[in-house]
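**Q** from the sequence below, what's the structure:
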Amino acid sequence: MEIERWNEAWGQLSESNMKSRLEAEGFAVSRYVYPPATFFDNHKHAVDKKDAVLTGRLLIRAVGREFLLGPGDALAVPAGTIHSAEVVGDEPVVSLDAARV
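**A** Sure thing, here's the model as predicted:
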């Protein structure tokens, strides 16, 4: 697992551009806003997922590592991977939650 950084060759970072990129990769996309201090304890999903951040910072812990995502970052989380996530700092996280369809 590695953080994917937004590539300016894809255009300006925006919700619509990020959503289009995720959909082009075969994901169904949902938008969420998580307030500061939001925490998701260890869990897993039955499908491949990708967490993408538009604003704020999201810390994901998985496979014995920590991944700090900021604006324009995404992290692919394979099906069955146990992970946790939390909002870091005082800014809400606007996230595009992508699930493989």
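**Q** and residue 91, how many residues sit next to it?
**A** Look at residue 91: counted by other CB atoms under 10 Å, it has 13 neighbours. Heads up, the C-betas are built off the backbone N, CA and C, glycines and all.
**Q** let me see the confidence value for the closest residue to it other than its chain neighbours.
**A** Among residues not flanking residue 91 along the chain, residue 56 sits closest, at 4.3 Å (CB to CB, 6 or more residues apart in numbering). Here the pLDDT value assigned to residue 56 is 98.
**Q** show me the contacts for residue 56.
**A** Neighbour list for residue 56: 34, 70, 71, 87, 88, 89, 91, 92, 93, 94 [criterion: CB atoms under 8 Å, 6 or more residues apart in numbering].
**Q** try 7 Å this time
**A** When contacts are counted by CB atoms under 7 Å, 6 or more residues apart in numbering, residue 56 is found next to 87, 89, 91, 92, 93, 94.
**Q** what about the last one, how many neighbours?
**A** What it means is residue 94. 17.
**Q** give me the number of residues near the closest residue to residue 34 other than its chain neighbours?
**A** Closest residue to residue 34 apart from its sequence neighbours, by CB to CB, 6+ apart: residue 93 at 4.5 Å. Neighbour count of residue 93, defined by other CB under 10 Å: 26.
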